[in-house]
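Asker: show me the folded form of this:
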Amino acid sequence: MSEYRYFVCTFIFWDTIYNISVGFFALPVPLFPAFGFITTGFNEDFVNFFGLRVGKVLWAVIFWCGADLLQLQFFCLLYRFCALHPNEDLRKKFMSWPSMIAFHILGYGLCFSVSIPVTYTVVEVADYPAYMARYNASTFDLIKPGDVYGFLDEESSVWSYFCPVVLALFVMNTVLSLLLSAYIIRMLSQNSKNFSKKTYRLQLQLSFVLVIQIILPLIFVVGPLSVLFIYMVYLKIPLTRTAAYIGVSLLTVYPSLNTLITIVCVTPYRNFTVKWMMVIVNLIKRPCFGKPRTAPSLRSGSLVQSTIIFPD
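Answerer: Numbers count the residues shown, from 1 in each chain. Have a look, this model is predicted:
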């Protein structure tokens with residue numbers, strides 16, 4: 001299980017980087033129907049030190065983290081597949097540290113290569129006037145003096161090959177993940193007698209959580225981005241600002257849902273979280289309502305000890 005904990009910790013790391021990039025550094029305000037955003041997060045401070053080119057790095061980091069989250073979910077499923085497979089050689093080969101390091105290097109390299117083309121679609125500052133001239137001036141009413149904003153050129157030739165490649169990779173990842181999930185659940189059912197009731201239930205919970213986490217990107221990431229690119233890149237139909245806000249909200253909510261589903265659906269994680277939440281609540285309540293003191297009370301005609309809160 002130490003290897004699986006490593007996968008989970010790695011997933012949490014990239015999940016955190018994605019959240020920080022989108023929720024703290026970018027905090028994007030869409031400028032639709034233009035393919036642009038105002039960044040209201042810490043990116044404004046970085047621009048003052050490193051210039052507007054830091055926007056390209058931020059776009060690449062966001063796409064890279066998103067892709068890493070998807071491939072790490074697949075690796076978690078692959079680990080569970082090997083752990084349940086009857087072939088011991090397969091388990092030993094995959095669960096060895098050299099194999100895991102090789103898989104990660106391959107996965108990170110692929111995800112990084114996918115994120116690089118996005119930087120070539122970022123509109124240069126010198127080309128802002130020409131790009132903004134394509135749209136009605138009211139599109140940019142939200143831009144105030146001193147705001148940091150940027151655009152992705154929807155007419156760039158990069159999108160013509162980038163979108164099909166990314167979609168093909170995602171479909172392949174999803175199909176393989178669902179096949180692995182079906183095999184894992186079937187293997188658990190066939191070998192249920194070899195597990196204790198508690199272990200079997202926990203294994204099923206973990207498996208179903210991974211299946212849900214495979215489906216979530218379809219709703220919160222691939223769905224909104226597919227609609228965006230189909231309308232703006234291929235059909236040349238601009239989207240409304242309301243649609244843009246909905247899409248941005250879905251993209252920012254996605255990583256948090258991964259963690260929330262794991263906490264709610266897996267019993268040990270849920271019990272641990274509830275326990276610590278109660279500890280925090282008790283710590284908050286104690287200074288407000290006073291310290292507990294012992295006082296006698298009558299119950300069923302006998303004198304017993306009970307705890308009553310006396311304000312200080």
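Asker: quick one, helices of the stretch 101-250 of the chain?
Answerer: Counting by DSSP state H, counting those that start in this stretch, residue ranges of the helices within the stretch 101-250 of the chain are 128-132, 158-190, 197-217, 223-229, 241-265.
Asker: any idea how far apart the tips of stretch 226-244 sit?
Answerer: 13 Å (Cα to Cα, to the nearest Å).
Asker: show residues contacting it.
Answerer: The contact list for stretch 226-244, computed with Cβ atoms under 8 Å, 6 or more residues apart in numbering, reads 30-35, 135, 154, 159-160, 163, 167, 247. No exception for glycine: its C-beta is placed from N, CA and C like everyone else's.
Asker: compare those residues and tell me which has the most neighbours.
Answerer: For those, the largest number of neighbours (other Cβ atoms under 10 Å) sits with residue 35, at 26 neighbours.
Asker: pretty sure that residue is touching residue 152, no?
Answerer: Yes - using Cβ atoms under 8 Å, residue 35 is in contact with residue 152, at 4.8 Å.
Asker: intersection of neighbour lists for those two?
Answerer: With Cβ under 8 Å, 6+ apart as the test, residue 35 and residue 152 reach no residue in common.
Asker: in CSV, list the helices of the stretch 101-250 of the chain along with mean pLDDT and distance to residue 51.
Answerer: CSV is the format used below for these (pLDDT from 0 to 100; distance: least, Cβ to Cβ, whole Å):
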stretch, mean pLDDT, distance to residue 51
helix 128-132, 91, 14
helix 158-190, 83, 22
helix 197-217, 79, 33
helix 223-229, 78, 27
helix 241-265, 76, 25
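Asker: can I see the domain layout of the chain?
Answerer: 2-244, 276-309 (automatic domain parsing).
Asker: can I get the ones you listed in JSON lines with distance to residue 266?
Answerer: Shown next, in JSON lines, are the domains of the chain (distance: least, Cβ to Cβ, whole Å):
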{"stretch": "domain 2-244", "distance to residue 266": "5"}
{"stretch": "domain 276-309", "distance to residue 266": "15"}
